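Trainee: Got a sequence here, can you model it:
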Amino acid sequence: MPIAQSVKKALSSSSMIRKMFEEGRVLKEKYGDANVFDFSLGNPDLEPPEAFHKTLLRLVTEDAAGSHRYMPNAGYQYVRDALARKVSREHGLALDGRHIIMSVGAAGALNVVLKAVLNPEDEVVVCKPYFMEYRAYAANHGGRLVEAAAGVNFNLNVDAIEASLSEKTAAVLINSPHNPTGRVYPAETLAALADVLLRHGKKTGRFPYLIADEPYRELTYDGVVTPPVLCVYPHSIVASSYSKSLSLPGERIGYIAVSPQNADVELLVDALIYATRVLGYVNAPALMQRCVAELTDLRVDIEVYARRRAAFKRVLDAAGLDYINPEGAFYIFCRVPGGDDTAFTGLLKERLILGVPGSSFGAPGWIRFAYCVSEDLINASANKWPGHSDT
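Mentor: The predicted structure is shown next:
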């Protein structure tokens with residue numbers, strides 16, 4: 001039997017990140033793990049903090065009556081209350097549990113949000129480069145992704161975003177700290193974007209949502225703090241998770257937070273809860289909800305990632321490669337010598353180094369490396385790079 005044409009088309013151009021990851025698996029079987037330098041996938045190798053393991057064991061052992069039953073689609077109320085206190089501190093305004101919906105990771109959160117706000121043929125504006133799955137997430141719900149040009153050093157290009165807005169614009173989707181560049185968008189840039197969206201809403205009668213994808217919010221360096229979004233623009237929504245901050249990507253636990261300044265906040269929350277149910281998520285994982293409610297102030301040791309970032313920069317400096325200095329997340333975005341990112345990715349693969357070509361993110365001529373791997377592996381790759389003095 002045939003499959004859907006949209007899926008068939010998507011399969012022919014499936015995620016380059018996953019493709020490189022699978023190629024890495026094959027290379028490791030042939031050459032051994034220690035001899036393959038796989039920087040393709042943002043799959044954190046740090047174990048969750050010890051407090052997570054202790055909390056998990058205690059909750060499993062207690063196994064209170066009803067622990068594994070359904071709860072309200074939005075999640076346990078006390079968990080939503082705990083997350084509201086965390087988000088209130090981060091975003092500089094007072095939320096309560098009504099403004100939080102627990103989700104199946106940040107990806108699940110984004111799909112719930114887009115299901116709740118998109119009409120057929122609505123547009124979602126993103127600034128290049130961007131996480132390529134955003135296109136599929138929009139298409140899942142009848143929407144279309146509209147690409148805006150990047151700004152200087154991959155900052156948000158507010159002028160380009162403004163030029164991309166139309167009466168069909170349902171949302172602008174941003175990601176900070178950013179995948180793939182590691183940029184953290186400055187507060188003044190977010191304020192300028194909010195001004196643009198408010199002007200557009202007043203002109204057209206439709207205020208686009210500002211959706212902030214924030215799974216890397218707590219992974220920043222050199223004193224950089226991720227600026228708040230919810231207090232800047234009343235029609236803002238945050239999608240986040242504990243995949244990176246607690247190293248729990250496989251547990252699929254995240255949340256949606258909406259600005260209480262939105263005049264239609266109750267209707268929006270009802271729509272998000274409905275979308276959670278009918279998309280088949282039903283609710284976020286019960287055990288993980290109970291865990292993170294007790295660990296809202298906990299995160300992995302960011303200094304480990306800081307040391308890895310420094311090691312990767314030393315390797316790239318020695319190889320003579322230019323890159324954007326990462327302010328957050330655990331990616332480093334490099335300019336490709338000669339500009340052909342596909343060819344350069346192939347050259348690196350011959351040397352058993354795996355990265356993801358920037359064209360996969362809408363930025364040809366660049367390549368992304370993930371440094372959520374051991375520092376030993378990063379250092380061991382040093383003399384494998386083209387242009388390295390020892391090569």
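
Trainee: what about the residue nearest to residue 330 when sequence neighbours are not counted, which SS state?
Mentor: Closest residue in space to residue 330, ignoring its immediate chain neighbours: residue 372 at 4.4 Å, by C-beta to C-beta, 6 or more residues apart in numbering. In this view, the C-beta of every residue, glycine as well, is placed from N, C-alpha and C. Each residue gets one of three states, and residue 372 gets coil by DSSP: H, G, I helix; E, B strand; the rest coil.

Trainee: May I see the buried residues of stretch 260-272?
Mentor: Applying a neighbour-count criterion of 16 or more other C-beta atoms under 10 Å, one finds 260, 262, 265, 268-269, 271-272 buried in stretch 260-272.

Trainee: sorry, back to before: ok, the residue nearest to residue 330 - contacts?
Mentor: By C-beta atoms under 8 Å, 6 or more residues apart in numbering, the contact set of residue 372 is 42-46, 305, 308, 330.

Trainee: and if you look at residue 187?
Mentor: 227-228, 232.

Trainee: Export stretch 195-214 to PDB, keeping only CA atoms.
Mentor: Only the C-alpha atoms of stretch 195-214 are listed here, as PDB (Å, rounded to 0.1, in the frame of the first residue of the first chain):
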ATOM      1  CA  ASP A 195       7.700  46.500  18.800                       C
ATOM      2  CA  VAL A 196       7.600  45.100  15.300                       C
ATOM      3  CA  LEU A 197       4.900  42.500  16.200                       C
ATOM      4  CA  LEU A 198       2.800  45.100  18.100                       C
ATOM      5  CA  ARG A 199       2.900  47.400  15.100                       C
ATOM      6  CA  HIS A 200       2.000  44.600  12.700                       C
ATOM      7  CA  GLY A 201      -0.900  43.600  15.000                       C
ATOM      8  CA  LYS A 202      -2.300  47.100  15.200                       C
ATOM      9  CA  LYS A 203      -2.100  47.500  11.400                       C
ATOM     10  CA  THR A 204      -3.600  44.100  10.500                       C
ATOM     11  CA  GLY A 205      -5.800  43.300  13.500                       C
ATOM     12  CA  ARG A 206      -3.900  40.000  14.000                       C
ATOM     13  CA  PHE A 207      -1.100  40.000  16.600                       C
ATOM     14  CA  PRO A 208       1.400  37.100  15.700                       C
ATOM     15  CA  TYR A 209       2.400  34.900  18.600                       C
ATOM     16  CA  LEU A 210       6.000  35.000  19.600                       C
ATOM     17  CA  ILE A 211       7.000  31.400  20.200                       C
ATOM     18  CA  ALA A 212      10.300  31.000  22.100                       C
ATOM     19  CA  ASP A 213      11.900  27.500  21.900                       C
ATOM     20  CA  GLU A 214      14.100  27.400  25.000                       C
END
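
Trainee: ranges for the helices of the chain?
Mentor: With DSSP state H as the criterion, the chain has helices at 5-12, 16-31, 50-62, 77-91, 105-117, 133-140, 158-164, 187-204, 265-278, 286-293, 302-318, 341-350, 375-380.

Trainee: that older thread, which one of the buried residues of stretch 260-272 sits closest to residue 212?
Mentor: Using C-beta to C-beta, residue 262 is the member of the buried residues of stretch 260-272 that lies nearest residue 212, at 14.0 Å.

Trainee: quick one: contacts of stretch 214-225?
Mentor: The contact list for stretch 214-225 (C-beta under 8 Å, 6+ apart) reads 90, 106, 175-179, 184, 226, 229, 238-241, 243-245, 254, 299, 302, 305-306, 309, 326-330.

Trainee: Identify those among these that sit within strands.
Mentor: 175, 238-241, 254 (DSSP state E).

Trainee: Need the residues you listed in CSV (columns: distance to residue 210, neighbour count and pLDDT).
Mentor: Converted to CSV, the ones in strands among the contacts of stretch 214-225 look like this (distance: C-beta to C-beta, whole Å; neighbours: other C-beta atoms under 10 Å; pLDDT from 0 to 100):
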residue, distance to residue 210, neighbour count, pLDDT
175, 12, 26, 98
238, 9, 27, 98
239, 11, 27, 98
240, 14, 26, 98
241, 19, 28, 98
254, 18, 28, 98
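
Trainee: just curious, which of those is nearest to residue 202?
Mentor: For those, the minimum distance to residue 202 (C-beta to C-beta) is 23.7 Å, reached by residue 238.

Trainee: coming back round to it: biggest separation within the buried residues of stretch 260-272, which pair?
Mentor: Spatially, the most separated pair among these is 260 and 271, at 15.8 Å (C-beta to C-beta).

Trainee: Could you find the closest non-adjacent residue to residue 108?
Mentor: Of all residues not flanking residue 108 in the chain, residue 281 sits nearest, at 5.8 Å (C-beta to C-beta, 6+ apart).

Trainee: ok, now which ones touch the one you found?
Mentor: Contacts for residue 281 (C-beta under 8 Å, 6+ apart) come out as 103-104, 108, 112.

Trainee: make it 10 Å
Mentor: 73, 102-105, 108-109, 111-112, 252, 275 (C-beta atoms under 10 Å, 6 or more residues apart in numbering).

Trainee: how much space between it and residue 107?
Mentor: From residue 281 across to residue 107, the span is 11 Å (C-beta to C-beta, to the nearest Å).

Trainee: Would you mind listing the residues touching both of those two?
Mentor: residue 252.

Trainee: who touches residue 205 in this structure?
Mentor: Residue 205 touches residue 167, counting by C-beta under 10 Å, 6+ apart.

Trainee: For this protein, name the helix or strand with the lowest mean pLDDT.
Mentor: helix 5-12 (a mean of 72; mean pLDDT, DSSP states H and E).

Trainee: Report how many residues lie close to residue 284.
Mentor: 28 (other C-beta atoms under 10 Å).

Trainee: nearest residue to it other than its sequence neighbours?
Mentor: residue 102 (3.8 Å).
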